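**Student:** The following block contains a protein sequence and its predicted model.
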Amino acid sequence: MSFNPLAEKGIPLDDQIRDWRELGVAPVDPDATHPYTKCRIITMNAIEVESVFFGHHFSRFCTDRAVREHLAHTRYIEQQQQKVVNWLLPGTASVLETTISYEQQAVDLTAWLARHEPDPYLKQSYEFAVLEDFDHLYRYANLYEMIEHRQAEKLVDGLTEVMPGRPTAWEHRHPVDNVRDPYDKATADPRSKLHTLTLVAAEQQVMNLYMNVGPLYMEPIARQLYQEIALIEEEHVTHYESLMDPHETWWERLVLHEYNECYLYYSFMQQEPERRIKAIWELHLAMEIEHLRLAAEQMRRHDRRDPEEILPPEIPETMVFEPNKAYLRQLLDTQIDLTTLGAGYVRESHERFERMQQQIHRGEQPPSEQVIDEHRARFGREYRLQTEGEHPDPRLREPETTPA
């Protein structure tokens with residue numbers, strides 16, 4: 001059934017502020033909750049945080065007080081939504097357990113968006129980066145067993161495999177080679193704009209988490225691994241945000257943010273098995289429909305354009321969290337050796353890439369390799385979860401095990 005949020009009636013803005021009782025949501029059960037429910041929570045927290053950040057940046061450049069007041073009003077509601085969504089995560093989960101859920105979310109979100117992306121250049125950009133998030137999941141899963149003496153299998157529930165992607169050591173590129181070519185706002189499919197905005201929000205959230213929690217660990221290997229992967233997440237945020245057309249106006253971006261929230265809340269409402277969580281997605285969708293209506297009015301008034309010019313006529317195919325094992329294995333088999341050169345992708349190691357590798361590694365093993373070496377030394381093997389057989393790339397298959 002088609003759904004056009006521009007044609008729906010939402011909750012009036014003045015009726016959206018919630019009291020402490022409504023904000024005090026109970027967290028999900030870390031042992032009984034489906035991994036993809038946690039992935040949906042993580043995704044919507046990223047989307048709400050991005051919306052709040054965007055509203056603040058817009059306000060800092062806006063000279064119209066009435067617009068700044070409108071942004072402040074809707075931003076406060078977005079902050080309440082973010083508090084409800086993110087506070088669903090259980091406090092009993094460790095930071096590493098949350099990290100592994102973040103990486104599972106990054107892998108299966110990016111893989112799904114890549115599979116459904118109509119633009120070949122954007123699709124390639126998503127495929128390139130997902131192999132790196134896939135590798136981060138593997139590195140953190142090995143750290144998890146080392147520090148907490150538990151395995152990631154229960155966390156990912158066999159939905160996402162755990163094995164090497166493009167090795168994190170290879171992911172350190174010169175900053176200029178992380179800047180992609182933007183889509184053209186005049187010709188880009190609206191789905192492409194939503195996909196890119198979603199990935200900017202998701203990777204920004206991961207970057208912010210690792211920047212802040214990494215130094216809270218006592219174990220040197222954990223501190224170092226978070227530090228290394230946080231630098232890769234900086235690359236990923238640059239990678240994705242550079243795909244957005246910088247000629248889009250503030251009003252276009254405002255409308256796209258609000259529409260994207262409608263799109264994702266609607267998508268997750270369709271598939272959420274937990275009734276209590278589904279009710280939150282439904283409530284937030286009703287709120288976002290009103291935010292979209294108000295943003296559309298602002299665009300008509302200030303840009304003198306109709307939002308229908310940049311939005312799809314109805315919600316696109318709903319975004320689904322589901323296993324992407326075969327797709328990821330195909331990418332592992334065909335794209336593991338890719339790196340970037342300027343705005344493009346190459347297989348050959350080039351001078352700028354090699355110079356960056358030398359500058360950051362200085363001939364030593366980075367933390368992402370050290371954690372695997374230490375795990376092998378302690379357990380006589382790596383931690384992997386390969387439900388579909390051997391690694392597609394023979395170079396990245398697990399070495400022969402030795403007694404622990």
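**Tutor:** Thanks, I have it.
**Student:** who are the neighbours of the helix or strand residue 124 falls within, in terms of helices and strands?
**Tutor:** Using DSSP states H and E, the secondary-structure element containing residue 124 is helix 120-148. Other helices and strands packing on helix 120-148, by 3 or more CB pairs under 8 Å, 6 or more residues apart in numbering; DSSP states H and E, are helix 95-115, helix 190-213, helix 220-241, helix 325-335, helix 367-379. Quick note: C-beta positions are derived from backbone N, CA and C, even for glycine.
**Student:** mind listing what's buried in the helix or strand just after that helix?
**Tutor:** Following the chain from helix 120-148 toward its C-terminal end, the next helix or strand by DSSP H and E is helix 153-156. Within helix 153-156, the residues that qualify as buried by neighbour count (16 or more other CB atoms under 10 Å) are 155, 156.
**Student:** Stretch 325-335 now?
**Tutor:** For stretch 325-335, the neighbour count (16+ other CB under 10 Å) marks 325, 327, 328, 329, 331, 332, 335 as buried.
**Student:** quick one: the helices in the stretch 251-400 of the chain?
**Tutor:** Listed from the start of the chain, the stretch 251-400 of the chain has helices (DSSP state H, counting those that start in this stretch) covering 275-302, 325-335, 351-361, 367-379.
**Student:** which residues sit in contact with residue 274?
**Tutor:** Contact analysis of residue 274 by CB atoms under 8 Å, 6 or more residues apart in numbering lists 28, 33, 34, 37.
**Student:** Which of those residues fall in helices?
**Tutor:** Within those, residues falling in helices by DSSP state H are residue 37.
**Student:** so residue 169 makes contact with residue 368?
**Tutor:** Yes. Taking contact to mean CB atoms under 8 Å, the distance of 5.8 Å between residue 169 and residue 368 places them in contact.
**Student:** quick one on the thing from earlier: closest to residue 122 out of the helices of the stretch 251-400 of the chain?
**Tutor:** Set against residue 122 and scored by CB to CB, the helices of the stretch 251-400 of the chain come closest in helix 325-335, at 15.0 Å.
**Student:** just to revisit the earlier point, so which of the helices and strands packed on helix 120-148 is the most packed in?
**Tutor:** Each of these was assessed for mean neighbour count using mean count of other CB atoms under 10 Å. The highest is helix 95-115, with a mean of 24.
**Student:** circling back: tell me which of the helices and strands packed on helix 120-148 lies nearest to residue 150.
**Tutor:** Taking CB to CB as the criterion, helix 95-115 is the member of those that comes nearest to residue 150, at 8.3 Å.
**Student:** Distance from that closest one to the middle of the chain?
**Tutor:** When C-alpha coordinates are averaged (CA atoms, centre = their mean, to the nearest Å), helix 95-115 and its chain have centres 7 Å apart.
**Student:** Would you mark the buried spots in the helix holding residue 124?
**Tutor:** 121-147.
**Student:** Repeat that for stretch 302-321.
**Tutor:** Neighbour counts using 16+ other CB under 10 Å place 303, 307, 310, 311, 312, 315, 316, 319, 321 of stretch 302-321 among the buried residues.
**Student:** any idea how far the last one is from residue 36?
**Tutor:** To residue 36, residue 321 is 4 Å away according to CB to CB, to the nearest Å.
**Student:** For the helices of the stretch 251-400 of the chain, give me TSV that also has mean pLDDT and distance to residue 75.
**Tutor:** Formatted as TSV, the entries for the helices of the stretch 251-400 of the chain read as follows, by pLDDT from 0 to 100; distance: least, CB to CB, whole Å:
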stretch	mean pLDDT	distance to residue 75
helix 275-302	98	10
helix 325-335	98	37
helix 351-361	97	38
helix 367-379	98	37
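**Student:** if I pick residue 360, what's in contact with it?
**Tutor:** With contacts defined as CB under 8 Å, 6+ apart, residue 360 is in contact with 172, 366.
**Student:** export stretch 175-182 as CSV, just CAs?
**Tutor:** Presented in CSV, the C-alpha positions along stretch 175-182 are these (Å, rounded to 0.1, in the frame of the first residue of the first chain):
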residue,chain,number,x,y,z
PRO,A,175,42.5,12.4,3.3
VAL,A,176,42.1,13.8,-0.2
ASP,A,177,41.4,10.3,-1.5
ASN,A,178,38.3,10.1,0.8
VAL,A,179,36.5,13.0,-1.0
ARG,A,180,34.0,11.6,-3.6
ASP,A,181,32.1,13.3,-6.4
PRO,A,182,28.6,14.6,-5.3
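**Student:** Pull the number of nearby residues for residue 384.
**Tutor:** If you count neighbours by other CB atoms under 10 Å, residue 384 ends up with 18.
**Student:** Next, the contact list for it, please.
**Tutor:** Residues touching residue 384, when contacts are defined by CB under 8 Å, 6+ apart, comprise 138, 162, 163, 398.
**Student:** So for the helix holding residue 124, mean pLDDT?
**Tutor:** The average of the pLDDT scores along helix 120-148 is 98.
**Student:** now stretch 304-314
**Tutor:** Per-residue pLDDT values across stretch 304-314 average out to 95.
**Student:** swap in stretch 4-17?
**Tutor:** 97.
**Student:** Setting aside sequence neighbours, what's the nearest residue to residue 329?
**Tutor:** Sequence neighbours aside, residue 392 is the residue nearest to residue 329 in space, at 5.1 Å (criterion: CB to CB, 6 or more residues apart in numbering).
**Student:** for residue 328, what are its contacts?
**Tutor:** With CB under 8 Å, 6+ apart as the criterion, the residues that contact residue 328 are 107, 111, 130, 131, 134, 161.
**Student:** ok, the nearest residue to residue 307 once chain neighbours are set aside - how many residues close by?
**Tutor:** In space, not counting the residues next to it along the chain, residue 307 is nearest to residue 296; the distance is 4.3 Å by CB to CB, 6+ apart. Residue 296 is surrounded by 21 other residues when neighbours are defined as other CB under 10 Å.
**Student:** Give me the distance between residue 357 and residue 171.
**Tutor:** Counting by CB to CB, the gap from residue 357 to residue 171 is 10 Å.
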